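Trainee: test case, fold it:
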Amino acid sequence: MQKMAELLGLRDECGEGTSGALALAGSCLADNRLNLDVYPDGCCRFLQLFKEQREEVVQVEFLRLSSNDCLLDTALGSLPHLKHLKSLVLKGGHARDEFGSYQHGSLTNLPPDLGNLRCLTHLDLSFNRLSTLPSCILHLPSLRGLLVSHNSLVTLPEDFGCLSKLTFFSAMKNQLKDLPQSIGELSMLQDLDLSENALELLPDEIGNLHNCKELDLSGNCLLSIPDSLANLKSLRQLHLHSNLLVTVPASLARLPNLSRLDLQNNCLRALPAEIQALPFVHVRGNPLGETEPSLQADKSITRRLQRLFLESGEGSFTVTSEGCRVVLDSGIHFYFPPGAASDPVRICFRSLTPDPQWVKLRHHDVLLSKVLELQPHGIQFQQEVQIWLPYISPQTPHQHEVVVRTFSGQSWSDLRTRVKRKRKSKKCVAHCCVLHFSWFLVVSRLVQNECRVPAEGTLLFSSVDPNIKVIFPPGVTKEPRSVKLQVLPVSAEEIEEITANAECRASPLLYLSQDSTVDFLKPVRIQLPLPPGVTGLNLDRSRLHILHGDLEGQTWNDITSEVVLEFTHLYAVFEVTHFSWYWLWYTTKTYIGGIAKKVYERLRLYQVNFIALQRKKDPEQVLLQCVPKHKVDPVLKKLQDRYRGPEPSDMVEMFEGEQFFAAFERGISIDMDRPDCVDGRLSFTFYSHLKNMKEIYVTSPVDRKGQAVKGQVSFYRGAVPDSIPEEASRRRKGPDSLWLATLPIKLPQLKPRWDENPGPLYGFSFPPLNLGNAETGYLTQANLLSIARRVGADWQSIGLNLGLTYQQIERIGYNNREDLNKQILDMLFSWAQQNSEDPDCVSKLITAMKESGRQDIAEEVEAIIELGRQKYSESIRRVGLEQESSTEDSAIAM
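Mentor: From the prediction side, this is the model:
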């Protein structure tokens with residue numbers, strides 16, 4: 001035992017094994033148990049024990065190891081020698097990543113010899129990286145409990161039913177899409193948890209689980225459940241919430257032992273009378289009472305629905321009373337059920353760049369999509385319209401959830417949202433149902449738990465950290481009110497890095513809100529876990545502080561002396577009467593408010609770098625981008641074949657939704673008018689999951705015929721100001737400086753431009769051109785010349801996408817075979833002359849550029865058109881026609 005203490009690292013500071021160390025070492029093997037998952041180097045200690053105390057270790061019956069341990073694979077090789085092993089735990093989740101989220105373990109498989117453990121009855125492989133179930137598991141004849149939750153399993157083996165003694169199986173939070181028929185052979189199974197997977201259908205054989213007492217199928221994609229579930233005579237609890245169920249069999253009401261049936265948050269519009277009569281059925285969150293055809297009829301109607309596939313450039317479609325499905329080129333889907341619109345209605349849509357003055361993100365929100373505007377605003381549909389919005393998968397930890405947010409004209413609110421990943425494209429989509437059209441976007445927010453507080457009181461706890469609870473006693477309120485709870489875990493490593501103090505620790509950050517402005521009539525009890533490393537046994541109360549923050553997190557007040565603190569071994573409990581931010585800190589510092597504010601702000605900041613690259617074939621085309629630090633290398637690797645430029649800027653920190661702008665300096669200016677450009681300064685908004693990138697064309701008023709121009713682009717914090725002080729480009733330090741970074745831009749010696757001579761262009765002479773119309777903006781001859789300068793060697797593919805034939809392309813190439821410039825001009829202006837009367841010619845040009853891989857030119861054309869549209873609207877407003885036009889539209893609508 002002395003040697004066991006040494007191997008476990010339990011010697012005292014003098015190097016001698018104390019009696020306490022011996023006792024603890026003995027406890028590790030008490031009752032043949034070896035719990036090493038609590039040690040960071042647990043696998044190393046196991047290997048040492050196995051080497052030096054083999055006779056004792058092979059007698060172990062209960063073993064726990066962390067799969068976050070780097071020596072796990074080595075330790076696995078020794079496990080088949082533990083012939084007496086009854087319980088094996090190889091869980092992940094013992095380490096946290098930089099966001100404080102529990103890290104999955106490294107386990108992807110098990111050694112085949114593990115199937116020889118004939119005595120093994122309990123196996124826990126949760127929080128790992130299993131994509132398939134290790135085959136050796138099927139050879140464990142005594143296995144009764146199997147946990148594989150929080151992995152990446154897509155399917156279960158077809159012969160999974162051979163585990164005939166299994167009584168408990170949990171595979172929650174995987175990616176299971178179906179179940180093998182053999183699951184019905186698990187005749188002894190009592191508890192089956194398949195929640196939060198991707199199940200769409202259940203095999204009828206699931207009804208053969210006659211001993212099953214609890215079945216959890218919540219959080220899947222089930223449209224229906226088999227009638228065979230009525231055969232589960234032992235079933236006590238059936239969880240079916242958060243699926244897509246449109247019906248449930250009435251036979252469930254005849255289950256003799258059923259005491260809980262959870263059908264919340266489905267698509268049930270009607271329930272069998274037998275189900276409605278059950279006192280323990282939960283149906284909140286279903287559209288009950290709304291009429292709908294039977295399931296079979298609904299499927300036949302869906303098959304007959306008109307399908308509309310809209311291409312780029314189309315901005316509207318018509319919905320009739322027959323309903324339809326609509327797919328936009330951006331991946332957005334709509335489903336208008338029959339009868340949703342009583343009369344034909346024209347739906348207009350467009351994608352908008354988020355404006356931070358309008359799109360107000362809450363703290364810790366992450367924007368995942370652009371804004372979708374649907375018109376007519378406020379139109380009332382007779383039935384809910386379903387919308388699927390694609391979004392960028394967030395790199396956020398488990399404490400975040402994805403929701404669709406909509407704007408009512410006054411404020412933003414969150415819709416009930418379902419998310420799923422498409423099977424083929426692997427893209428993420430957010431699904432919601434609405435009765436009105438307005439503006440929509442997708443955000444990632446802190447997970448929100450909500451409850452209704454009645455006069456009798458209730459309990460609310462966090463799904464992110466169930467140890468955080470809010471207890472509302474009886475008489476806490478006269479009228480029921482809604483309460484919301486959000487939690488932001490903060491790791492000890494984050495606190496130490498920000499504060500540079502290893503002794504500072506903090507609990508998860510708790511935010512509470514309610515829909516009433518009146519304080520509670522009685523104190524509300526809040527339970528928070530003690531900061532990491534602190535327990536009731538080693539707690540120094542003088543170092544513990546309860547902080548209360550304002551809504552914006554700008555002011556943090558120490559209220560420790562104002563509340564009564566109670567402690568258990570793991571928790572702190574206190575009472576409050578009003579809601580906001582609450583934070584439990586453990587530190588030797590006396591003034592903690594300033595430190596908490598600093599940490600809170602840093603938790604909201606992103607580390608970013610700026611890049612400024614010039615296209616190799618056309619150095620006047622400059623790409624500017626603000627990139628999160630962890631994405632810089634992949635972005636540069638993707639661009640290196642077409643662009644060159646200086647190294648990225650030094651790292652700076654920015655908030656989600658923060659504005660900044662770029663200014664070209666030292667002899668370089670922007671070459672064209674843009675809606676986002678004011679006096680040569682280009683505005684940006686940083687969103688961590690959207691592309692903060694713009695491509696522009698620059699020029700120089702300096703004579704470049706004799707030499708190149710060495711200029712720069714500087715990035716400044718804030719919105720574009722009316723003017724920048726002359727010394728701004730020289731001032732680089734100081735607390736009041738807005739400057740973020742500066743990168744060099746070099747324009748080479750100027751070559752003769754096509755538009756310097758107002759006469760015929762390379763032998764071509766065309767009459768003046770105006771493509772488009774006054775309302776949407778024209779493309780003039782000068783605009784086409786500017787576009788032609790950018791085309792280069794892509795002119796043939798662009799010409800083909802514009803509709804020119806191969807013969808025309810070959811003729812243009814042959815006639816101008818000595819000069820690329822002439823080939824481009826001949827192609828572009830020939831097309832323009834042929835299509836000058838086509839009102840959609842500009843949108844066709846934009847589409848052709850995109851299809852040819854020239855997104856940069858497409859964006860330039862779109863910018864020209866947008867600027868023309870703005871100028872047209874301003875001219876209409878000046879002459880007073882806009883109001884008259886709106887009045888006429890209203891009259892027509894009426």
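Trainee: ok, now how distant is residue 820 from residue 812?
Mentor: For residue 820, the distance to residue 812 equals 11 Å [C-beta to C-beta, to the nearest Å]. Just so you know, the C-beta spots here come from the backbone N, C-alpha and C atoms, and that holds for glycine as well.
Trainee: please disregard the earlier target; I meant residue 55.
Mentor: 88 Å.
Trainee: which one of these two has more residues nearby?
Mentor: A direct count of neighbours by other C-beta atoms under 10 Å for residue 55 and residue 812 places residue 812 higher, at 22 against 6.
Trainee: from what I see, the more buried one and residue 828 are in contact.
Mentor: No: the criterion here is C-beta atoms under 8 Å, and residue 812 misses it with residue 828 at 10.0 Å.
Trainee: who touches whatever helix or strand residue 444 lives in?
Mentor: Using DSSP states H and E, residue 444 sits in strand 439-446. Residues from elsewhere that reach strand 439-446, judged by C-beta atoms under 8 Å, 6 or more residues apart in numbering: 352, 354, 359, 361-362, 364-374, 387, 389, 391, 394, 396, 399-407, 414, 430, 432, 486-488, 511, 689.
Trainee: show me which of these are buried.
Mentor: Applying a neighbour-count criterion of 16 or more other C-beta atoms under 10 Å, the buried members of the contacts of strand 439-446 are 354, 359, 361-362, 364-374, 387, 389, 391, 394, 396, 399-407, 430, 432, 486-488, 511, 689.
Trainee: can you tell me which of these are in strands?
Mentor: Judged by DSSP state E, strands contain the following of the buried ones among the contacts of strand 439-446: 366-367, 371-374, 387, 389, 391, 400-407, 430, 432, 486-488, 511.
Trainee: buried residues in the strand or helix carrying residue 55?
Mentor: Assigned by DSSP H and E, residue 55 belongs to helix 54-57. Under the neighbour-count criterion of 16+ other C-beta under 10 Å, helix 54-57 has residue 57 buried.
Trainee: just checking: what are the partner strands of the following helix or strand past that helix?
Mentor: Where DSSP H and E defines the elements, the next helix or strand beyond helix 54-57 is strand 62-66. Strand 62-66 pairs in its sheet with strand 33-35 (parallel), strand 87-91 (parallel), by DSSP bridges.
Trainee: weakest of those strands by average pLDDT?
Mentor: Comparing mean pLDDT across those, the weakest is strand 33-35, with a mean of 81.
Trainee: give me the distance between it and the centre of its chain.
Mentor: In terms of C-alpha atoms, centre = their mean, to the nearest Å, the centre of strand 33-35 is found 39 Å from the chain centre.
Trainee: please name every helix or strand in contact with the helix or strand that that strand is followed by.
Mentor: Sequence order places helix 42-52 as the next helix or strand after strand 33-35, per DSSP H and E. With contacts defined as 3 or more C-beta pairs under 8 Å, 6 or more residues apart in numbering; DSSP states H and E, helix 42-52 has these neighbours: helix 2-7, helix 54-57, strand 62-66, helix 72-76.
Trainee: residues of the last one that come out buried?
Mentor: Same thing as helix 72-76. Buried residues in helix 72-76 (16+ other C-beta under 10 Å): 72, 75, 76.
Trainee: give me the packing partners of that helix, helices and strands only.
Mentor: helix 42-52, strand 62-66.
Trainee: need the winner for burial among the ones you listed.
Mentor: Most buried of these, by mean neighbour count (mean count of other C-beta atoms under 10 Å): strand 62-66, with a mean of 22.
Trainee: what segments of the stretch 251-400 of the chain are strands?
Mentor: Listed in chain order, the strands of the stretch 251-400 of the chain (DSSP state E, counting those that start in this stretch) span 260-262, 281-282, 306-309, 316-319, 324-327, 333-336, 345-352, 366-367, 371-375, 385-391, 400-407.
Trainee: what pairs with the second one, parallel or antiparallel?
Mentor: Pointing back at strand 281-282 there. Partners of strand 281-282 in the sheet, by DSSP bridges, are strand 260-262 (parallel).
Trainee: quick one: average confidence on the partner strand?
Mentor: Rounded mean pLDDT across strand 260-262 is 89.
Trainee: which positions in that strand come out as buried?
Mentor: 261, 262.
Trainee: stretch 200-213 now?
Mentor: Quick answer for stretch 200-213 (16+ other C-beta under 10 Å): 202, 203, 205, 206, 207, 208, 209, 212, 213.
Trainee: quick check: the two most widely separated of those?
Mentor: Taking C-beta to C-beta, the two most distant members of the buried residues of stretch 200-213 are 203 and 213; they sit 19.8 Å apart.
Trainee: residue 375 pairs with what?
Mentor: residue 348.
Trainee: how about residue 145?
Mentor: Beta-bridge partners recorded for residue 145 (DSSP bridges): residue 122, residue 168.
Trainee: next, count neighbours for it.
Mentor: So residue 145, with other C-beta under 10 Å, has 17 neighbours.
Trainee: and residue 679, by the same measure?
Mentor: 12.
Trainee: gap between it and residue 693?
Mentor: Applying C-beta to C-beta, the value for residue 679 to residue 693 is 22 Å.
Trainee: pLDDT (mean, whole number) over the strand holding residue 444?
Mentor: 92.
Trainee: just give the strands next to it in its sheet, each with its orientation.
Mentor: strand 366-367 (antiparallel), strand 371-375 (antiparallel), strand 400-407 (antiparallel).
Trainee: can these go into a markdown table with extra columns for distance to residue 450?
Mentor: Output for these, formatted as a markdown table (distance: least, C-beta to C-beta, whole Å):
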| stretch | distance to residue 450 |
| --- | --- |
| strand 366-367 | 20 |
| strand 371-375 | 25 |
| strand 400-407 | 12 |
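Trainee: for residue 67, which of the ones you listed is the nearest?
Mentor: Nearest to residue 67, of these and by C-beta to C-beta, is strand 400-407 at 24.2 Å.
Trainee: what is the end-to-end distance of stretch 846-860?
Mentor: 9 Å (C-alpha to C-alpha, to the nearest Å).
Trainee: just the buried residues of that stretch, please?
Mentor: The neighbour-count check on stretch 846-860 (16+ other C-beta under 10 Å) flags 846, 847, 848, 849, 850, 852, 854, 856, 857, 858, 859, 860 as buried.
Trainee: now that stretch, how far from the centre of its chain.
Mentor: That offset, for stretch 846-860, works out to 28 Å (C-alpha atoms, centre = their mean).
Trainee: just stretch 196-213 next, same as before
Mentor: 30 Å.
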